[in-house]
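>>> What would the 3D arrangement of this be:
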Amino acid sequence: MAFSGSQAPYLSPAVPFSGTIQGGLQDGFQITVNGAVLSSSGTRFAVDFQTGFSGNDIAFHFNPRFEDGGYVVCNTRQKGRWGPEERKMHMPFQKGMPFDLCFLVQSSDFKVMVNGSLFVQYFHRVPFHRVDTISVNGSVQLSYISFQNPRTVPVQPAFSTVPFSQPVCFPPRPRGRRQKPPSVRPANPAPITQTVIHTVQSASGQMFSTPAIPPMMYPHPAYPMPFITTIPGGLYPSKSIILSGTVLPSAQRFHINLCSGSHIAFHMNPRFDENAVVRNTQINNSWGSEERSLPRKMPFVRGQSFSVWILCEAHCLKVAVDGQHVFEYYHRLRNLPTINKLEVGGDIQLTHVQT
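Below is the predicted model:
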């Protein structure tokens, strides 16, 4: 089945976090929680699928505990009372290390995958369609929470209010540039329709934004580097691309390229040896003028996880790192639909890609 019309992700939400699952859970729904376990504070964290924000009715409580050798508790809470615990005496998480945690909702159970491998099944004790909220608390830092819904009706790409707990705040367009059509509003920059490519391949398939284009799938557990994939339908105003990963401890450089044939329409090149993020365009194997200015310090840190969001608008790309706007890059190649290939390479490990 092809997926389309997914809820926009929560990017870099602060913990503790509670957020709405639009439309509630459905059979085939997939939720990915990406982040890192904190190395210094606390011995537990939890992901809860619940009804409302009170915490009195939790259909599925997933609770890794770094105690007694490490284990994971699963449980259900009804009207404020916990049921019998189910414990798995194995710890798939490591303190100080990033993780990719995927919950697949099926008619009989939740299937939980950690870093691409099936970890546990938890059979429903209450109807899963009552769940309308996800909560995360404890000793974790989150990069994003993304959603994949197989039942929504396909919609045309559009803008909607972004449910980020730390919103991406894009600045107004500088004067002297041609203004964008009034139908595109920079204050609300999340597309309703996105293509999601996960490291975990579920049996029911992946979502995509253009029904005529087959969904992309990749084997688990990790993206190969360098990583190259197509961007179905190419770029267009409101198109989003989201990448998450971890910078290697000894990193010198990495790059993200958006390509049109043999041309590189957008080259983003964080350089730790120069403490800079270089942007450029290459046409006919010839580089143009570099752009290096940043409003604040280098947004990437060796050894730490990151999330990059590239939003295409009519005249430029807007780029945010870990939920914070970093720069705009005005299109030098303006035939946006031909910009249909993503390349990532260098000193990073990729954990998630949405195109």
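>>> CA only for contacts and neighbour counts going forward, please
Noted.
>>> Strands along the stretch 151-300 of the chain, start to end?
Counting by DSSP state E, counting those that start in this stretch, the stretch 151-300 of the chain has strands at residues 159-160, 190-191, 196-197, 227-230, 240-247, 254-260, 263-271, 276-283, 286-287.
>>> could these be laid out in JSON lines, adding mean pLDDT?
JSON lines is the format used below for the strands of the stretch 151-300 of the chain (pLDDT from 0 to 100):
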{"stretch": "strand 159-160", "mean pLDDT": "28"}
{"stretch": "strand 190-191", "mean pLDDT": "30"}
{"stretch": "strand 196-197", "mean pLDDT": "33"}
{"stretch": "strand 227-230", "mean pLDDT": "92"}
{"stretch": "strand 240-247", "mean pLDDT": "87"}
{"stretch": "strand 254-260", "mean pLDDT": "97"}
{"stretch": "strand 263-271", "mean pLDDT": "98"}
{"stretch": "strand 276-283", "mean pLDDT": "97"}
{"stretch": "strand 286-287", "mean pLDDT": "97"}
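>>> between those, which gets nearest to C312?
Between C312 and the strands of the stretch 151-300 of the chain, the shortest gap by C-alpha to C-alpha is with strand 240-247, which sits at 6.3 Å.
>>> Can you name every helix or strand that that closest one contacts?
Applying 3 or more C-alpha pairs under 8 Å, 6 or more residues apart in numbering; DSSP states H and E, one finds that strand 240-247 makes contact with strand 305-312, strand 348-354.
>>> In terms of mean pLDDT, which of those strands ranks lowest?
Lowest mean pLDDT within the helices and strands packed on strand 240-247: strand 348-354, a mean of 85.
>>> ok, that one: who's next to it in the sheet?
Its sheet considered, strand 348-354 pairs with strand 196-197 (antiparallel), strand 240-247 (antiparallel) by DSSP bridges.
>>> Kindly check the end-to-end length of stretch 80-90 for me.
Stretch 80-90 has an end-to-end distance of 27 Å (C-alpha to C-alpha, to the nearest Å).
>>> what's the closest of the helices and strands packed on strand 240-247 to Q50?
Among these, the nearest to Q50 by C-alpha to C-alpha is strand 348-354 (25.3 Å).
>>> so the closest one versus strand 254-260, what angle?
Put simply, strand 348-354 runs at 40 degrees to strand 254-260, going by axes from the mean of the first three to the mean of the last three C-alpha atoms, to 10 degrees.
>>> Quick check: which of the strands paired with strand 348-354 is nearest to S40?
Closest of the strands paired with strand 348-354 to S40 is strand 240-247, at 18.7 Å (criterion: C-alpha to C-alpha).
>>> Any idea how far the closest one is from the middle of the chain?
Taking C-alpha atoms, centre = their mean, to the nearest Å, one finds strand 240-247 lying 7 Å from the centre of the chain it belongs to.
>>> Also stretch 330-350?
17 Å.
>>> May I have it exported as PDB, CA atoms only?
Extracted C-alpha coordinates of stretch 330-350, given in PDB (Å, rounded to 0.1, in the frame of the first residue of the first chain):
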ATOM      1  CA  TYR A 330      18.300  31.700  -3.300                       C
ATOM      2  CA  HIS A 331      17.800  29.300  -6.300                       C
ATOM      3  CA  ARG A 332      20.500  29.600  -9.000                       C
ATOM      4  CA  LEU A 333      18.900  26.700 -11.000                       C
ATOM      5  CA  ARG A 334      15.300  27.700 -11.300                       C
ATOM      6  CA  ASN A 335      13.800  24.600 -13.000                       C
ATOM      7  CA  LEU A 336      12.800  23.100  -9.700                       C
ATOM      8  CA  PRO A 337      11.200  19.900 -10.800                       C
ATOM      9  CA  THR A 338      14.500  18.800 -12.500                       C
ATOM     10  CA  ILE A 339      16.200  18.900  -9.100                       C
ATOM     11  CA  ASN A 340      15.300  15.300  -8.300                       C
ATOM     12  CA  LYS A 341      18.300  13.700  -6.700                       C
ATOM     13  CA  LEU A 342      19.700  13.800  -3.100                       C
ATOM     14  CA  GLU A 343      23.300  13.000  -2.300                       C
ATOM     15  CA  VAL A 344      24.800  12.800   1.200                       C
ATOM     16  CA  GLY A 345      28.400  12.000   1.900                       C
ATOM     17  CA  GLY A 346      31.300  12.600   4.300                       C
ATOM     18  CA  ASP A 347      31.900  12.100   8.000                       C
ATOM     19  CA  ILE A 348      28.500  11.400   9.300                       C
ATOM     20  CA  GLN A 349      26.200   8.400  10.000                       C
ATOM     21  CA  LEU A 350      22.700   8.900   8.600                       C
END
